[in-house]
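S.K.: Please work out how this folds:
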Amino acid sequence: MAFIFTCGTHTFQSLLKGAEHITAQCQNCGNWSGKVIKKWEWFTFCFIPLIPFSLKPWHAVSCHICRFSQDIKYRPDVQQQIDAGGAGGGGPQNIPLEQNHQGQGPPQGWNAPPPQQGYKPPQGQYV
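M.R.: This next block holds a predicted model:
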């Protein structure tokens, strides 16, 4: 008669309560996709979590794109948003908009507005 048991670890994670709406910039890839999560690692026996490895969960900013996690104690920008109740909003709405490379006029491309009425193309022959 043979018995086979599996032992291992499993990390449970969820959004940190009170900081679900905060979106932060990932320090690894630069995307604005970092969410504030809590992680809790448990020892498992036959896929059943039995013993936690720590007495309290680990709070981190985690990017779902590059899977990078950083402890929240190294992110004062996120701590300020949590302490302020997220009043700053954080996330993409606080990203400064870049000017085009010449610093003049509206953006060009598919969504560009039509040219101004006062514009006249140059006249004459081309050499």
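
S.K.: Could I get the buried residue list for the longest strand anywhere in the chain?
M.R.: When the chain is parsed with DSSP state E, its longest strand is strand 34-45. For strand 34-45, the neighbour count (16 or more other CB atoms under 10 Å) marks 34-42 as buried. C-beta coordinates here come from the backbone N, C-alpha and C atoms, glycine included.

S.K.: Kindly report the same for stretch 67-82.
M.R.: Result for stretch 67-82 [16+ other CB under 10 Å]: buried residues 68-70, 72, 75, 78, 81-82.

S.K.: wait, which of those is closest to H21?
M.R.: The closest of those to H21 turns out to be Q81 (CB to CB; 9.2 Å).

S.K.: got a list of contacts for the helix or strand harbouring that closest one?
M.R.: Assigned by DSSP states H and E, Q81 falls within helix 76-83. Identification of contacts with helix 76-83 by CB atoms under 8 Å, 6 or more residues apart in numbering yields 16, 18-19, 22, 24, 34, 36, 61, 72-73, 88, 90.

S.K.: any chance of those in CSV, with secondary structure too?
M.R.: As requested, the contacts of helix 76-83 are exported to CSV (DSSP: H, G, I helix; E, B strand; the rest coil):
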residue, secondary structure
L16, coil
G18, coil
A19, coil
I22, coil
A24, strand
G34, strand
V36, strand
V61, strand
I72, helix
K73, helix
G88, coil
G90, coil
